[in-house]
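In: here are the coordinates; sequence isn't available:
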Ligand code: SF4
Ligand code: SF4
């Protein structure tokens, strides 16, 4: 059974292996090895027997091939209604075939599954909201990704991402030392404009523990400063953990359930160590899904909840505005037509549509919040919040943009109100 040195069924648990993957520019050798990687059919059969539950088997059997789900998928629409992009076709031709053949599939089929699972579905779960039987491709493609990963058929970038989680407990190579130094640097940078601003690390018993995305210390440290400014203005008693600060999960995208568990244990470990009253997550929608919605199950929590109440960034922003901890200068409210892109993760899958609209009501002059979900003019709450289309970056663009506007507005309000 040929296994490559880079492309194989092993998880990335050593720095040497991670560095070798990183040195393979564009994954040239990795994909060459993948073209010879054998499928472990016996293992695949056993995995199906152990993990393919009745719900997914029923979904595959129930599908009447009515193709109603076609128009619900942005990838189908964006690809000129290519029939191979109809959600039911995508899942039946991949997972459906593996199940029908009870794991007896070859390298070519697994590479086809990899292509469809990662480049023809974002697991946004939109089609499941429209299928008359509630058949949810997002859930099934998530499962298929796990099967592909276990057999070594995973995109090179995501194999690296899972290695980062396993080795650094973060999706990028940011060590705890790097992280803490970045916090100190960002706090120092703000002293002239915001004297006394702190980014407290490892404070026990704070009201809020803030978790975020490795992209922030790695590439956008000013995002950490912006959050700190808001907490400073709001007078929050807050902290960040030196370990367990990274909330995102490339492991979830990759289907590496072992690394998902490692990541969630790291964040939940910080909660248990620092005992905050509440935990606040960054704007990232997939991070919320990974740590708050699915994470409890990955670590075997029977109540399906994190150990401490864990709110999304938009929930905290809405609360701070509602309670007057942050004030917006009414003269600075936006007086141009504004729309809002709903996120699949924390809106459709977690129900925070009202929260984001509440934030808009403080930021935008009444009458200027026009409509949501571009392309629809007669909208109901359901069509806005449930039917919003995946942008592949929806949560980030919507909430980060709102947060950026809010930071700017809040600063203005702060000078006008408190200066
Ligand atoms: S809408 Fe549902 S039943 Fe119809 S083809 Fe799609 S998955 Fe199958
Ligand atoms: S989950 Fe989203 S991206 Fe995937 S098939 Fe359904 S609508 Fe398309």
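Out: Sure, I can see it. Note that the structure is predicted; figures quoted are calculated from it, not measured. Ligands and ions are numbered 1, 2, ... in the order given.
In: could you use CA atoms for every contact and neighbour count after this?
Out: Fine.
In: burial count for residue 56?
Out: When neighbours are defined as other CA atoms under 10 Å, residue 56 has 19 of them.
In: element containing it, please.
Out: Element membership of residue 56 [criterion: DSSP states H and E] is helix 54-62.
In: excluding chain neighbours, give the residue nearest to residue 144 in space.
Out: For residue 144, the nearest residue in space outside its immediate sequence neighbours is residue 95; the separation is 6.2 Å by CA to CA, 6 or more residues apart in numbering.
In: that neighbour is in contact with residue 142, isn't it?
Out: No: with contact defined as CA atoms under 8 Å, residue 95 does not reach residue 142; the gap is 10.6 Å.
In: circling back to that earlier point, tell me the helix or strand right after the helix holding residue 56.
Out: Using DSSP H and E, the helix or strand that follows helix 54-62 towards the C-terminus is helix 74-78.
In: now do the buried residues in that next one.
Out: For helix 74-78, the buried set under the neighbour-count rule, 16 or more other CA atoms under 10 Å, comprises 74, 75, 76.
In: what mean pLDDT does that helix get?
Out: Average pLDDT, helix 74-78: 95.
In: quick one: it near ligand 1?
Out: No: for helix 74-78 and ligand 1, the contact criterion (CA under 6 Å from any ligand atom) is not met; the two come no nearer than 12.2 Å.
In: who are the packing partners of whichever helix or strand comes after that helix?
Out: Under the assignment DSSP H and E, the closest C-terminal helix or strand after helix 74-78 is helix 87-91. Applying 3 or more CA pairs under 8 Å, 6 or more residues apart in numbering; DSSP states H and E, we find helix 87-91 packed against helix 137-150.
In: quick one: the helix it packs on to helix 54-62, angle?
Out: Put simply, helix 137-150 runs at 110 degrees to helix 54-62, going by axes from the mean of the first three to the mean of the last three CA atoms, to 10 degrees.
In: now do stretch 135-150: distance to the chain's middle.
Out: 16 Å (CA atoms, centre = their mean, to the nearest Å).
In: also stretch 268-281?
Out: Between the mean C-alpha point of stretch 268-281 and the mean C-alpha point of its chain there is a distance of 19 Å (CA atoms, centre = their mean).
In: okay, now the closest residue to residue 168 other than its chain neighbours: neighbour count?
Out: Spatial nearest neighbour of residue 168, chain neighbours left out: residue 175 (6.2 Å); criterion: CA to CA, 6+ apart. Burial of residue 175 is recorded as 16 neighbouring residues (other CA under 10 Å).
In: interface residues of the chain facing ligand 2?
Out: For the chain, the residues in contact with ligand 2 under the definition CA under 6 Å from any ligand atom are 72-73, 75, 87, 121-127, 137-138.
In: what's the domain layout of this protein?
Out: Per automatic domain parsing, the domain ranges recorded for the chain read 38-151, 170-311, 328-419.
In: list the contacts of residue 2.
Out: Contact partners of residue 2, counting by CA atoms under 8 Å, 6 or more residues apart in numbering, are 36, 37, 38.
In: what do you get for residue 114?
Out: With contacts taken as CA under 8 Å, 6+ apart, residue 114 has the following neighbours: 145, 148, 153, 154, 155.
In: distance of the last one from residue 368?
Out: When CA to CA, to the nearest Å is the yardstick, residue 155 and residue 368 sit 43 Å from each other.
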